[in-house]
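Participant: Structure, please.
(one chain, ligands or ions: 2)
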Amino acid sequence: MLIRSADSSRLPEFEVTDEERFRQRRQLVKAMGLLPVAGLLPAGLEAGNCALADFAAGDIELNTYHEITHYNNYYEFSTNKQAVALLARSMPLRPWTLEVSGEVENPLLLDIDTVINQQQIVERIYRFRCVEGWSMVIPWSGFQLCNLLRRAKPTSRAKYVAFVSHVDRTHMIGMGRTALEFPYREALRIDEAMHPLTLLASGIYGKDLPPQNGAPLRLVVPWKYGFKSPKAIVKIVLYEQRPQTSWNKISPSEYGFFGNVNPRVAHPRWSQRREVRIGELKKSRTLMFNGYEAQVANLYQGMDLKQNY
Ligand SMILES: Nc1nc2c(c(=O)[nH]1)N[C@H]1C(S)=C(S)[C@@H](COP(=O)(O)O)O[C@H]1N2
Ligand SMILES: [Mo]
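Facilitator: Ligands and ions are numbered 1, 2, ... in the order given. Predicted coordinates:
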């Protein structure tokens, strides 16, 4: 669908694209029959060594820009979702370096704008599901994590990919007020990290990612609960052994390492059968792997999916 080069993402016309025009353009693209309803492009479409996922979520209504940017989980600032946007507003986002290290042949230490500008920027409309029982549909822009990892050349020992979020003690005024330890840490198994749906997002609605959503760069893994998508990433480290992750460390029975969306496995506080789409009144059914079962179920063959891993 709407695959743009890094350069075209800087076109002024794209910068001024507002929400309504974004929606209209999407309708147009759909009418022209360019949007596949669901699924990956046929195998063989490769970007370097990374399979390219040209994925569209189908005919689902997008959440508004305002909804996406004013209902946020970002505990470094606050546990109050409505307060995060205001609190995160003044955090400095440049200069910013991104490190890729650990079990790699070619460690990287890159300026964030270099990273983003060198990548093929894609647009992905993904469902997003928080373990607390709410969900949204978000038009991200970003690039496939696989492309960046390939540049760093993972060694044969690399089995896990860990992510470390930024810490700014001056601006992140919520850090002392939760049981969570900071920096916020998350991790994926390497095959999950290399999966074509796994995105490093640098924008929503075609605009730069706002601070409250994890600027300048955050992970998006659409078949997992939201806590698996760390914001404001400064380090990506590859390991042979499974690294510790923030939520799993404080409550493994509530936050399994895998964190795959699964309506059949209840969280101790929240049944996961249904979800509230932000902006809607009626609850809807939660889908296995958040609706991405066809794309990702093969990653978990042989695992008992009734377990909260
Ligand atoms: N650094 C950091 N990343 C984070 C969190 C956080 O508190 N700190 N919260 C997670 C949780 S629980 C969710 S649901 C999503 C929320 O993303 P959003 O605010 O863009 O919707 O961010 C995830 N990433
Ligand atoms: Mo969440």
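Participant: make it CA atoms for all contacts and neighbour counts henceforth
Facilitator: Noted.
Participant: residue ranges for the helices of the chain, please.
Facilitator: Taking DSSP state H as the criterion, the chain contains helices spanning 12-16, 19-31, 65-69, 84-88, 112-118, 145-152, 190-194, 246-250, 293-296.
Participant: would you list these in a markdown table and tack on mean pLDDT, distance to ligand 2 and mean neighbour count?
Facilitator: Formatted as a markdown table, those follow (pLDDT from 0 to 100; distance: least, C-alpha to the ion, whole Å; neighbours: other C-alpha atoms under 10 Å):
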| stretch | mean pLDDT | distance to ligand 2 | mean neighbour count |
| --- | --- | --- | --- |
| helix 12-16 | 40 | 29 | 11 |
| helix 19-31 | 64 | 25 | 14 |
| helix 65-69 | 98 | 13 | 16 |
| helix 84-88 | 98 | 14 | 20 |
| helix 112-118 | 96 | 25 | 15 |
| helix 145-152 | 97 | 21 | 20 |
| helix 190-194 | 98 | 19 | 19 |
| helix 246-250 | 97 | 10 | 18 |
| helix 293-296 | 96 | 20 | 15 |
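Participant: would you list those in CSV and tack on distance to Met172?
Facilitator: Converted to CSV, the helices of the chain look like this (distance: least, C-alpha to C-alpha, whole Å):
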stretch, distance to Met172
helix 12-16, 28
helix 19-31, 29
helix 65-69, 17
helix 84-88, 7
helix 112-118, 20
helix 145-152, 26
helix 190-194, 28
helix 246-250, 17
helix 293-296, 35
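Participant: Setting the sequence-adjacent residues aside, check what's closest to Pro211.
Facilitator: Ala88 (5.8 Å; C-alpha to C-alpha, 6 or more residues apart in numbering).
Participant: I figured that neighbour was touching Ile173, is that so?
Facilitator: No: Ala88 lies out of contact with Ile173 (C-alpha atoms under 8 Å); the separation is 9.4 Å.
Participant: who touches both of these two?
Facilitator: Common neighbours of Ala88 and Ile173 (criterion: C-alpha atoms under 8 Å, 6 or more residues apart in numbering): Phe77.
Participant: just the residues of this structure that are near ligand 1, which are they?
Facilitator: 72-76, 130, 165, 184, 213, 226-227, 229-231 (C-alpha under 6 Å from any ligand atom).
Participant: Lowest average confidence across helices and strands of the chain, where is it?
Facilitator: strand 3-4 (a mean of 34; mean pLDDT, DSSP states H and E).
Participant: can you list the weak-confidence ranges in the stretch 51-200 of the chain?
Facilitator: 54-59 (pLDDT under 70).
Participant: quick one, strands of it?
Facilitator: Assigned by DSSP state E, counting those that start in this stretch, the strands in the stretch 51-200 of the chain fall at 97-102, 108-111, 121-129, 134-144, 160-165, 185-189, 199-204.
Participant: Of these, which is nearest ligand 2?
Facilitator: Closest of the strands of the stretch 51-200 of the chain to ligand 2 is strand 121-129, at 7.5 Å (criterion: C-alpha to the ion).
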